[in-house]
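# structural data only, the sequence is not supplied:
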């Protein structure tokens, strides 16, 4: 009987350890090139490739989960996944609720885009809900028009609902083309402390593992190589 009890306990411990090795990576899947859903219906992009590398080097198994942006922090806190890798800027406000790893993407500019070069940036400006750009617009004196996704904010400019869109410049650049008629307007704005992985404050050990790998990749240049691959040679690295 004692042997059976010990065996059962060992099995339970093994199951617990196996479970602990699977890390559910939460992302939006709608913010290229950070993250998007490819033609196979799979999470793809800079954060998917980087996240898989981080998990491998940290000795854990990644399992990717998609979630709408506006509820991405609440669903982390409720346990639907263990991390957020979704182009999320590190801010003091967010750090009151969750922890962040060190930045895996440096602070990058935010920018305005519109159909007309003289667009009223104090008029109606579209931004994605729950972003640092939306917060900036709300405090800028403009009328903020929030939408669930970046695509929706650009559509609002195209259909005349908004005078301009304000967003992270790198993802917004995909929409600024001669064909679309969308063009850069105004000045770039520096916001946030770079992009990091969000975790629950109770997961300090997991945060430490990822921090160590991010630091290693910064030191050996492999993180900069990945940034260049996905964002181009002109983007500032570490």
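Good, I have the coordinates. Note that the structure is a prediction, hence the values are computed from the model and not measured. Numbering: from 1, shown residues only.

# what is the neighbour count of the residue lying closest to residue 85 once chain neighbours are set aside?
Leaving aside its sequence neighbours, residue 85 sits nearest to residue 47 (CB to CB, 6 or more residues apart in numbering; 4.3 Å). Every C-beta, even on glycine, is put in place using the N, C-alpha and C of the backbone. Residue 47 is surrounded by 31 other residues when neighbours are defined as other CB atoms under 10 Å.

# would you map out the domains in this protein?
The chain breaks down into these structural domains: 16-106+193-231, 109-190 (assignment by automatic domain parsing).

# let me have those in JSON lines, extended by distance to residue 237 and mean pLDDT.
Written out in JSON lines, the entries for those read as follows (distance: least, CB to CB, whole Å; pLDDT from 0 to 100):
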{"stretch": "domain 16-106+193-231", "distance to residue 237": "4", "mean pLDDT": "95"}
{"stretch": "domain 109-190", "distance to residue 237": "13", "mean pLDDT": "96"}
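
# residues near the residue nearest to residue 181 when sequence neighbours are not counted, how many?
The spatial neighbour of residue 181 that comes closest, neighbours along the chain excluded (CB to CB, 6+ apart), is residue 115 at 5.4 Å. In terms of burial, residue 115 registers 16 neighbours under the definition other CB under 10 Å.

# next, residue 115: phi, psi?
Main-chain torsions, residue 115, degrees, to the nearest 10: phi -80, psi -20.

# go ahead and confirm it touches residue 182.
Yes. With contact defined as CB atoms under 8 Å, residue 115 reaches residue 182; the gap is 6.5 Å.

# which neighbours do the two share?
When contacts are counted by CB atoms under 8 Å, 6 or more residues apart in numbering, residue 115 and residue 182 have 157-158 as shared neighbours.

# alright, I will stop here.
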